[in-house]
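Asks: what shape does this take:
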Amino acid sequence: MTTLTWQPEFALQQPRMDRTHVEFVELLAATENASPGAAADAALRALLEHTQAHFEQEERWMGQLGFATENCHSMQHANVLQVLREVVSRHGQEADAALVRHLVAALVEWFPVHATMMDAALAMTMAERGFDPETGALRVAPATAAPAIAGCGNAACG
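Replies: Numbering: from 1, shown residues only. I've put the predicted structure just below:
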């Protein structure tokens with residue numbers, strides 16, 4: 001079992017983001033624990049649907065905060081979605097159980113790093129700018145001459 005469970009260190013003090021992350025962890029566990037066949041197919045599709053909405057939400061926030069269209073955070077989202085879509089499209093055609101196990105193991109490894117680095121940097125930028133994710137309002141607008149954020153939002157991330 002490679003099950004990922006919610007850990008306190010994943011919480012980023014952004015309630016909407018944290019709820020979305022809890023849901024992702026729960027859907028990942030449901031995918032791992034689904035019986036092969038229709039149940040696994042439904043779990044994979046639910047994980048893909050959630051992940052698509054999850055990443056679109058973060059992409060909207062990054063756009064409102066002045067992130068460049070091409071940034072490393074967004075590139076990770078695109079890569080994960082590409083793999084998820086590929087697994088969903090192949091599911092039922094190949095060794096389903098092995099394919100799902102590999103996907104789950106990769107996401108279990110990826111998510112904690114992504115959440116505690118990329119998403120933490122986004123949450124920090126949101127807090128610094130007084131960004132309200134519910135309304136899109138910014139208390140501190142980005143400087144007009146400021147370059148778009150091309151990295152993940154963290155000063156250490158190029």
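
Asks: list the contacts of the spatially most central residue of the chain.
Replies: Centroid-nearest residue in the chain: Phe55, 5.3 Å away (criterion: Cα atoms, centre = their mean). The contact partners of Phe55, by Cβ atoms under 8 Å, 6 or more residues apart in numbering, come to 77, 80-81. The way it works is simple: take the backbone N, C-alpha and C, and place the C-beta from them, glycine included.

Asks: who wins for neighbours among those?
Replies: Neighbour counts for the contacts of Phe55, by other Cβ atoms under 10 Å, peak at His77, which reaches 21 neighbours.

Asks: what helix or strand is it located in?
Replies: Following DSSP states H and E, one finds His77 within helix 72-90.

Asks: check Ala121 too.
Replies: With DSSP H and E as the criterion, Ala121 is inside helix 120-128.

Asks: other SSEs contacting that helix?
Replies: Applying 3 or more Cβ pairs under 8 Å, 6 or more residues apart in numbering; DSSP states H and E, one finds that helix 120-128 contacts helix 38-65.
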